[in-house]
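# Kindly return the folded structure for what I paste below:
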Amino acid sequence: MTAVLGWFNTRMSENENFGRQQWGAVPQNPTGPTPGPGQPTQHTGGPYPGYGPPTVGGYPGQPGPGPQPGPGPQPGPGQQYGPGPQYGQPPFGAPPAAPSFFAALPLPIKLAIGSGAAGVITFFMGFLSWVSVSQNIDSRAEEWAGQQSGDVGIPAFLTMVFTPGLFLLLLGAAGVASFAFVAAKWRRYLPHIAFLVVLAWLGLLACALGLPTFIDLGVGAIIALILGAAQLGLIGTAVVMDGLDDKQ
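Here you go, the predicted model:
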């Protein structure tokens, strides 16, 4: 036994690589070079030291101190993850709002409707005072008779001075009829209603001008004459514009 041990020691002293030839080389530092102060520890082969490329980090499997790839850009509130409309919205935006019924009417019909509104208001002026009689009407009547040089002439329109209600009624009826022009079926009667307005307003004007000078016009007469003129102007313009459109 002593002789065997002596032979083994002699072999090892003669060939220091005897163990390495049998089992392979054993590295001096399997975990790599010792890092200095403040440097990260290097490991080879990830969780199995001595195998594979070195990894840098405090522990195997953890990222190193270098720049790490961050997450990609995230969509903000209300943003989409790709092209296309959002949920619940039409693909090409909201459709344009349809015009209102009044806005879709032709301009002559709009003017005729405005004329009708003026005619309805004119009708209610018949409930106000048509003439105004002052307290000195006797003296004013004598003065008026003296201006006639003893001959008192009676104008033709004087007979209708006290019947303005008929013409106010006609203006009101023409105003109500003008609202029917929103229907295309009745628009061919626009010139007829315009003729009625002309006739009624001229009669109302004759009633106002035929009054003797010692009788004054009342508030209702003045307002009715103004609104009647507006009614006549609006429906007259509507007739002319409608005729020009048909001619074109």
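# And the biggest helix by length in the chain, what's buried?
Ranked by residue count under DSSP state H, the longest helix found in the chain is helix 219-247. For helix 219-247, burial by neighbour count (16 or more other Cβ atoms under 10 Å) applies to 220-222, 224-225, 227-228, 230-235, 237-239, 241-242. (C-beta placed from N, C-alpha, C; glycine too.)
# Sketch out the low-pLDDT regions of this protein for me.
Low-confidence segments of the chain, defined by pLDDT under 70: 1-96, 144-145, 147-153, 246-248.
# quick one: the strands in it?
42-44, 54-56, 131-132, 216-217 (DSSP state E).
# What segments of this protein are helices?
2-14, 18-23, 107-124, 137-147, 164-178, 190-209, 219-247.
# can you put the ones you listed in JSON lines and add distance to Ala97?
Formatted as JSON lines, the helices of the chain follow (distance: least, Cβ to Cβ, whole Å):
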{"stretch": "helix 2-14", "distance to Ala97": "102"}
{"stretch": "helix 18-23", "distance to Ala97": "90"}
{"stretch": "helix 107-124", "distance to Ala97": "20"}
{"stretch": "helix 137-147", "distance to Ala97": "62"}
{"stretch": "helix 164-178", "distance to Ala97": "28"}
{"stretch": "helix 190-209", "distance to Ala97": "30"}
{"stretch": "helix 219-247", "distance to Ala97": "26"}
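# For Val131, find the nearest of these.
Minimum separation from Val131 across the helices of the chain (Cβ to Cβ) falls at helix 219-247, 7.0 Å.
# angle of the closest one against helix 190-209?
Calculated by axes from the mean of the first three to the mean of the last three Cα atoms, to 10 degrees, helix 219-247 forms an angle of 150 degrees with helix 190-209.
# Counting by contacts, list what helix 219-247 packs against.
Helices and strands touching helix 219-247, by 3 or more Cβ pairs under 8 Å, 6 or more residues apart in numbering; DSSP states H and E, are helix 107-124, helix 164-178, helix 190-209.
# of all the helices of the chain, which lies closest to Ala98?
helix 107-124 (17.8 Å).
# So what touches the closest one?
102, 105, 168-169, 171-179, 181-182, 187, 190, 193, 197, 223-224, 227-228, 230-232, 234-235, 237-239, 241-242, 245 (Cβ atoms under 8 Å, 6 or more residues apart in numbering).
# make it 7 Å
With Cβ atoms under 7 Å, 6 or more residues apart in numbering as the contact definition, helix 107-124 has outside contacts at 168-169, 171-172, 174-176, 178-179, 181-182, 187, 190, 224, 227-228, 230-231, 234-235, 237-238, 241-242.
# And for stretch 185-199?
Stretch 185-199 has contacts (Cβ under 7 Å, 6+ apart) with 109, 112, 170-171, 174, 177-178, 180-181, 231-232, 235-236, 238-239, 242.
# change it to 8 Å
Around stretch 185-199, the neighbours that count as contacts under Cβ under 8 Å, 6+ apart are 108-109, 112, 115, 119, 170-171, 173-174, 177-178, 180-181, 228, 231-232, 235-236, 238-239, 242.
# Quick one, which of the helices of the chain gets closest to Ala156.
helix 190-209 (8.7 Å).
# Quick check: the gap between Asp245 and Leu107.
Between Asp245 and Leu107 the distance is 9 Å, computed by Cβ to Cβ, to the nearest Å.
# hang on, the earlier thing: of all the helices of the chain, which one is nearest Ile154?
Once the helices of the chain are compared by Cβ to Cβ, helix 137-147 is nearest, at 12.5 Å.
# What are the buried residues along that closest one?
Arg140.
# which helices and strands does it pack with?
Using 3+ Cβ pairs under 8 Å, 6+ apart: helix 137-147 touches no other helix or strand.
# Please save the CA atoms from it in CSV.
The C-alpha trace of helix 137-147 is given here as CSV (Å, rounded to 0.1, in the frame of the first residue of the first chain):
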residue,chain,number,x,y,z
ILE,A,137,-115.7,120.2,-34.2
ASP,A,138,-118.5,122.7,-34.7
SER,A,139,-116.2,125.6,-35.2
ARG,A,140,-114.0,123.6,-37.5
ALA,A,141,-117.0,122.5,-39.5
GLU,A,142,-118.1,126.1,-40.0
GLU,A,143,-114.6,127.0,-41.0
TRP,A,144,-114.5,124.2,-43.5
ALA,A,145,-117.9,125.2,-44.9
GLY,A,146,-116.7,128.8,-45.3
GLN,A,147,-113.7,127.6,-47.4
